[in-house]
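>>> Predicted model, plus sequence, below.
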Amino acid sequence: MAEPSTAFPSTVPAGPQDRRLAFAVIAVSSIAFLISLPFAKHQLAPVWPFMPMYDAAISFSDLMTASLLFMQFKILRAPALLGLASGYLFTGLMVVPHALTFPGLFSEPGLLGAGPHTTAWVYIFWHAGFPFAAMAYAALKNRTRIIGRDGALGRHAVLLSIGAVVAAVVALTLLATVGQSALPDLMTSDRAASGLFIAVAAVLLLTTIALVVLRLSGVRTVLDLWLSVVLCTWLLNVALSAFLNGGRFDLGFYAGRVYGMMAASFVLLVLLRQTGALYARLAGLLQVEQLERQREMAKRRDAEAKLSVQEERERLFVAAVESSEDAIVITALDGTITGWNPAAERLFGYAAAEIVGETVEMIVPEERRIELGDILARIGSGDRLKHHETVRIAKSGKPIQVSLSISPIRSPSDAIIAACAIARDITDQKRIERMKDEFIATVSHELRTPVTTMAGPLGLLANGAVGEMPEKAKRLIAMAHNNCVRLTRLVNDILDFEKIEAGMMTFNFRTVDVKGVVRRAIEGNLALAEQFGVSVRFDGDDADVVVDTDSDRLTEVLAQLLSNAVKFSPRGEEAVVSIESGESAVRVAVRDRGPGVPVEFKTLIFEKFAQVEATDARRKGGNGLGLSIAKQTMRWLGGEIDHVPASSGGTIFYIDLPYRHLLNPQESAAFSKRRSAGA
């Protein structure tokens, strides 16, 4: 499998298909620009909702792009990515003062103490900043790629860059508002003054220089290619919306901003496409590996069927040792190596002739010698060791992280005479786990925080914090706020699912009244039930059952089942919750009056992103993760979740909770480790 660094747009070479597509985009954009040029100064009606919609879309797209580039920088440690990510963060943040100071949008002169030239200067600062970032990217992309492998170093670099960008945005905003008297005049009423043409010409020249610098640096990767397309579109955007048009709200004003939206989208789309391709590639490799193992197992079974019982036993023993992909080392109880298979040669670098007869301490670090003695003592007493993670040393001196499974070897008289150790290299597995943890943490900080930050101001605008707005603008702002909230919910669901799968979710077990939990879940869904015109009835007032569980996690599972029952029941119907006590567990059932679960989805309904009817689920606000999270949560609660069709229509989803919570040995160890970490 290729290294992860070869799967990113900043490292993948641009192919002929990429170049043809980029050329086609530039050609179509240029033709559209030439067609609209004669009509650029044709005045159109002011559409005030257009500006907050446009600025919100630009800000969201640029912040998403910056977040993804910051994540790639933390993995690749490429300084060019840090510079480009800072540029996208700058443009995403500069949009905010541009929208707030736009004359007539939120107030007649604009907010933040704006003057007649404030918005124009913010526009100039905004559009001049990105070419500088592109030149920084071009200057740094051929530098040494790795600037440090310490995770803290990467985080500090990102935080410093974010701090510098925020400081620059604040300083430029203050210059355009508080210090506007020190700047030349750019606007006369809603028309451009001569100073604006000079400033815009400087931005166009700066963008052209950035494009030339990028081309001279050598366009080799997919990211280089599409950054060139962005700069070309950036030229058309600035030229049409601020240089060749006559003023605000003419054809050039609107058409130029269409090019601005295109420029903000290209790199984001490339990053998302490449990320999807990476996951598809990993899934394909896994499938091929599984099929290959199945074929090998089938061939092995066919060959084994032709051997006698005794021959089969002898052949299997030799084949298992010689052809195993895992290193197999046989040692006497005093540590002398007596067996060494080819996989052990490949893993540790010692040929069998070099190491057989020597002590196993040759591959054990000094600090692990006491651990080795304890292991041999345990094996000598008849114990078995499963999945013990430790460190061994190769012939080259390189430390190797391994997982050991060690069993005693007995003589015909049942005496323990040796130990058979199976060693599996888990170095790559541990590296991938660290990358996954870094990815989850990065998403939590670099993606969720900007989206939440956007949702706050949009919520304030929707609630009238800056004064009364036109009805159309209020609806559009409310729509943008709702979409931010939905995206935040989706990110939170993904993070919760990853936490549960990784065993990082905290559970607080105590004695819980099931009836009280059910009532809290019902109360939490009353507003949703009223919205969908569905009533919720608790058919369990006589039930009085206590279980050993986590009250909050159980409430979340029941809330998910109630939410689905309400959403998929017809208006005017009711969802019914009931409690039934059994011998070893209590069952809580939620019945809906919906269309039921199709046969082909009965086994898929609890999978990630599984939706019975994608369009309907999307209309009702689903993302396909709720039941999957509920399934994983119930596993850690020691219970089960399932569904059956109701006799008179609809579906009954139920959970079975044991009165006392029990875990299997592996879950118990993971649970104890997690609880200790939480303490």
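Here it is on my side, so go on. Please read these numbers as outputs of a predicted model, since none were measured by experiment.

>>> lowest average confidence, helix or strand, in the chain?
helix 665-678 (a mean of 42; mean pLDDT, DSSP states H and E).

>>> Can you pull the domain assignment for the chain?
The chain breaks down into these domains under automatic domain parsing: 49-278, 314-425, 431-502, 510-678.

>>> Compile these into CSV and extend it with columns for mean neighbour count.
Every C-beta, even on glycine, is put in place using the N, C-alpha and C of the backbone. As requested, those are exported to CSV (neighbours: other Cβ atoms under 10 Å):
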stretch, mean neighbour count
domain 49-278, 20
domain 314-425, 15
domain 431-502, 16
domain 510-678, 17
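
>>> If you count contacts, what does the lengthiest helix in the chain end up packed against?
The residue-count maximum for a helix in the chain (DSSP state H) belongs to helix 251-304. If you count contacts as 3 or more Cβ pairs under 8 Å, 6 or more residues apart in numbering; DSSP states H and E, helix 251-304 packs onto helix 16-36, helix 50-76, helix 222-238, helix 309-322.

>>> If you average pLDDT over each of those helices, which is lowest?
Per-stretch mean pLDDT for the helices and strands packed on helix 251-304 is lowest at helix 309-322 (a mean of 65).

>>> in its sheet, what does the longest strand along the chain sit against?
Looking across the chain with DSSP state E, the single longest strand is strand 399-410. Strand 399-410 pairs in its sheet with strand 385-393 (antiparallel), strand 416-425 (antiparallel), by DSSP bridges.

>>> pull the CA atoms of that strand into PDB?
This file holds the C-alpha atoms of strand 399-410, laid out as PDB (Å, rounded to 0.1, in the frame of the first residue of the first chain):
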ATOM      1  CA  PRO A 399      12.600  -1.200  17.500                       C
ATOM      2  CA  ILE A 400       9.500  -3.100  16.300                       C
ATOM      3  CA  GLN A 401       6.200  -2.900  18.000                       C
ATOM      4  CA  VAL A 402       4.700  -6.500  18.100                       C
ATOM      5  CA  SER A 403       1.700  -8.300  19.400                       C
ATOM      6  CA  LEU A 404       2.600 -11.600  21.000                       C
ATOM      7  CA  SER A 405       0.500 -14.700  21.500                       C
ATOM      8  CA  ILE A 406       2.500 -17.300  23.500                       C
ATOM      9  CA  SER A 407       1.400 -20.900  24.300                       C
ATOM     10  CA  PRO A 408       3.300 -23.700  26.200                       C
ATOM     11  CA  ILE A 409       4.500 -26.800  24.200                       C
ATOM     12  CA  ARG A 410       4.000 -30.000  26.000                       C
END
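
>>> how distant is it from the center of its chain?
Relative to the centre of its chain, strand 399-410 is centred 35 Å away, using Cα atoms, centre = their mean, to the nearest Å.

>>> List of residues touching it?
327, 330, 347-348, 365, 375, 379-380, 382-394, 416-427, 430 (Cβ atoms under 8 Å, 6 or more residues apart in numbering).

>>> go again using 6 Å as the cut-off
Applying Cβ atoms under 6 Å, 6 or more residues apart in numbering, the contact partners of strand 399-410 are 379, 384-389, 391-394, 416-427, 430.

>>> Likewise for stretch 427-438?
Defining contact as Cβ under 6 Å, 6+ apart, one finds that stretch 427-438 is touched by 400-401.

>>> low-confidence ranges in the stretch 401-550 of the chain?
436-449, 451, 453, 455, 458, 462, 465-466, 481-483, 485-505, 541-543 (pLDDT under 70).

>>> Out of the strands paired with strand 399-410, which is closest to T208?
The closest of the strands paired with strand 399-410 to T208 is strand 416-425. By Cβ to Cβ, the value is 52.7 Å.

>>> Need the residues that contact that closest one.
326-332, 347, 379-380, 400, 402-411.

>>> do stretch 348-362 as well
So stretch 348-362 is contacted by 331, 335, 337, 340, 345, 363, 394-396 (Cβ under 6 Å, 6+ apart).

>>> can you tell which of the strands paired with strand 399-410 is closest to L554?
Going by Cβ to Cβ, the one of the strands paired with strand 399-410 nearest L554 is strand 385-393, 30.9 Å.

>>> Run the chain-centre distance for that closest one.
31 Å.

>>> And the contacts of that strand?
The contact list for strand 385-393, computed with Cβ under 6 Å, 6+ apart, reads 363, 365, 399-406.

>>> got the CA positions of it in PDB?
C-alpha atoms of strand 385-393 as PDB (Å, rounded to 0.1, in the frame of the first residue of the first chain):
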ATOM      1  CA  LEU A 385      -0.500 -15.200  26.800                       C
ATOM      2  CA  LYS A 386      -2.800 -13.600  24.200                       C
ATOM      3  CA  HIS A 387      -2.300 -10.400  22.300                       C
ATOM      4  CA  HIS A 388       0.500  -9.000  24.500                       C
ATOM      5  CA  GLU A 389       1.800  -5.800  23.000                       C
ATOM      6  CA  THR A 390       5.500  -5.100  23.500                       C
ATOM      7  CA  VAL A 391       8.700  -4.000  21.800                       C
ATOM      8  CA  ARG A 392      11.400  -6.100  20.200                       C
ATOM      9  CA  ILE A 393      14.600  -5.200  18.400                       C
END
